[in-house]
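Enquirer: sharing a model that was predicted from the sequence below.
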Amino acid sequence: MTADPAAAPGAAVPTVAAAEGVATAVTVRREPPGGRAAWTAWGIGVTVYVLAVVHRTSLGVAGLDAAARFGINASALSTFSILQVLVYASMQIPVGLLVDRHGPRRILSAGLVLLTAGQLGFALATSFTPALLARGVLGCGDAMTFVSVLRIGARWFPVFRNPFIAQLTGLVGTMGNLVSTMVLSQVLHSAGWTPTFATTALLGVGVLALVLLALRETPESAAREPLFARRRAVDAPDRARGFSLREQIRAAWSEPGTRLGMWVHFTTAFPASSFLLLWGMPFLMEGQGMSRAAASGMLSLVIVAGMGFSVLFGQLMSRRPGLRTPTVFLVVLVTGGVWGLVLAWPGGHVPVWLLVALVVVMGSNGPASLIGLDYARPVNPPERIGTASGIVNMGGFIAAVLALFLIGLVLDATTSGSAATYTPSAFRAAFTTLYAPMALGLFQILRLRRAALRRESQLIPQPRAAGA
């Protein structure tokens, strides 16, 4: 049988997919070199991702300010994050195709332009509609970052390092969350809306210059390849079979591992996403009576805990891939259990120790969602990694859209629609809706995991697939 097909460029050799009964070509690549140059390329890419996370989560610390600035209720406030995340999710497959076709350097550059334009528009907006459009543009730019960084990692690092690199990308990306919760919230309170968001927008100009001048997409590429130059011959193996958008999507989706990865991402990511993107700060301040500084500290703890879980899961998945599914189930069940304790607590005002437990547990959500990539990566060849990663990555954001919508809907139904009237009982009813997407995702994981295991065992050595 062949090695993991998700490695970097080299010559292709055929293998046999026994379950299909036909010979199919599975691309096996020479191991990329890793080393200092690999870390430099990845570091430039992940810098873009950190900035994207700053922009993405900036509304999470400004929800109450946005409600006051634009004079909107909970449903309208949710619309900001819903549109942003919906655009992000809907762009994942197109972005994956574009990264596979044109390379991450161009896509990261385009993403930075859109991120800067969206955040600057949000800074200057004084009414709901322009601000909403700005968040949509921002979501489009944000969508172009993570998959591009994964592609850089797959091209530069040996295949056995891929799970660790994916987790490390998520870990470093959480620094953007820390900037939002620890820095942006305080600057917003002291400097005001427009200076805060405009300053973060202009950071994109410097990062764009870094990408254009210094990013190398592959070990074989020139150090300063022109941004719009014709792709080099190094990518010829990826082009040899032609490039059909429909076939690319169909082939990636046909793999049970890709679909399983999407549902893992769907099920694990959204509780923390909906909390950090919008509703965590209002819940802690209005529902639990915390100060802005204390609530920011709680959100920061989600992120710090996530960094620890990223290191843990990255090492575990690299060395013991059989722990993938048990880890996913453990994270989902513990998250659901702790949320259940919080929502069932008498009187609605939860003790601090239980809130700390909740935010620490939610810190595992993001790292667990990246395990979804570890199901898709082994069964998709390098020329399809961007597309498959995009499919997986949209799962959690679709769930986040659903959660944000349901929380806002229930809050409006149980209050007068003003942020000042959000009560503990209203938040209790609203956060109960988290269990609907959680149950759907668990059902799909149980349904798909056996087929994904069988397919993976056909393509890579059995010890790698054991236990899935």
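Expert: Received the coordinates, thanks.

Enquirer: ok, the residue nearest to Val53 when sequence neighbours are not counted - contacts?
Expert: Nearest non-adjacent residue to Val53, counting by CB to CB, 6 or more residues apart in numbering: Gly176, 2.8 Å away. Bear in mind the C-beta positions are built from the backbone N, C-alpha and C, glycine included. Gly176 sits next to 49-57 when contact means CB atoms under 8 Å, 6 or more residues apart in numbering.

Enquirer: ok, so of the residues you listed, who is nearest Phe160?
Expert: Closest approach between those and Phe160, by CB to CB: Tyr49, at 22.4 Å.

Enquirer: helices or strands up against the helix or strand where that closest one lies?
Expert: Using DSSP states H and E, Tyr49 sits within helix 35-57. Helix 35-57 sits against helix 104-124, helix 128-142, helix 146-156, helix 162-178, helix 193-214, with contacts defined as 3 or more CB pairs under 8 Å, 6 or more residues apart in numbering; DSSP states H and E.

Enquirer: ok, the spatially most central residue of the chain - contacts?
Expert: Most central in the chain under CA atoms, centre = their mean is Asn393, positioned 5.9 Å from the mean C-alpha point. Going by CB under 8 Å, 6+ apart, Asn393 touches 92, 146-147, 265, 373.

Enquirer: out of the contacts of Gly176, flag the one nearest to Leu440.
Expert: Arg56 (24.1 Å).

Enquirer: quick check: the closest one touching Gly141?
Expert: No - the criterion here is CB atoms under 8 Å, and Arg56 misses it with Gly141 at 9.7 Å.

Enquirer: buried stuff in the next helix or strand after the helix holding Tyr49?
Expert: Next in sequence after helix 35-57, counting helices and strands by DSSP H and E, comes helix 63-70. For helix 63-70, a neighbour-count test (16 or more other CB atoms under 10 Å) marks 63-67, 70 as buried.

Enquirer: all strands of this structure, in order?
Expert: 15-17, 22-24 (DSSP state E).

Enquirer: and those strands, which one averages the lowest pLDDT?
Expert: Among the strands of the chain, strand 15-17 carries the lowest mean pLDDT, a mean of 35.

Enquirer: do you know the pLDDT at Arg230?
Expert: In the predicted model, Arg230 carries a pLDDT score of 44.

Enquirer: contact partners of stretch 317-332?
Expert: With CB under 8 Å, 6+ apart as the test, stretch 317-332 has contacts from 160-161, 163-164, 167, 264, 267-268, 313, 316, 364-365, 368, 371, 374-375, 438, 441-442, 445, 449, 464-468.

Enquirer: please convert the buried members of the residues you listed into PyMOL selection syntax.
Expert: Selection of buried members from the contacts of stretch 317-332 for PyMOL, criterion 16+ other CB under 10 Å:
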select buried, resi 161+163+164+167+264+267+268+313+316+364+365+368+371+374+375+438+441+442+445+449+464+465+468
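
Enquirer: rewinding a little: out of the helices and strands packed on helix 35-57, flag the one nearest Ser457.
Expert: Among the helices and strands packed on helix 35-57, if distance is taken as CB to CB, the winner is helix 162-178, at 17.8 Å.

Enquirer: what comes up buried for the closest one?
Expert: Judged by neighbour count (16+ other CB under 10 Å), helix 162-178 contains these buried residues: 162-178.

Enquirer: how far away from the center of its chain is that helix?
Expert: Distance of helix 162-178 from the chain centroid (CA atoms, centre = their mean, to the nearest Å) equals 10 Å.

Enquirer: now do stretch 66-86
Expert: Centre-to-centre, stretch 66-86 and its host chain are 21 Å apart (CA atoms, centre = their mean).

Enquirer: TSV for the buried residues of helix 63-70, including distance to Leu212?
Expert: Formatted as TSV, these follow (distance: CB to CB, whole Å):
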residue	distance to Leu212
Gly63	34
Leu64	38
Asp65	34
Ala66	33
Ala67	38
Phe70	35
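
Enquirer: give the buried residues for the helix holding Tyr49.
Expert: Residues of helix 35-57 classed as buried: 38, 41-42, 44-57 (neighbour count, 16+ other CB under 10 Å).

Enquirer: report the angle between that helix and helix 162-178.
Expert: In terms of direction (axes from the mean of the first three to the mean of the last three CA atoms, to 10 degrees), helix 35-57 departs from helix 162-178 by 40 degrees.

Enquirer: chain center to helix 35-57, what's the gap?
Expert: The chain centre lies 14 Å from the centre of helix 35-57; the measure is CA atoms, centre = their mean.
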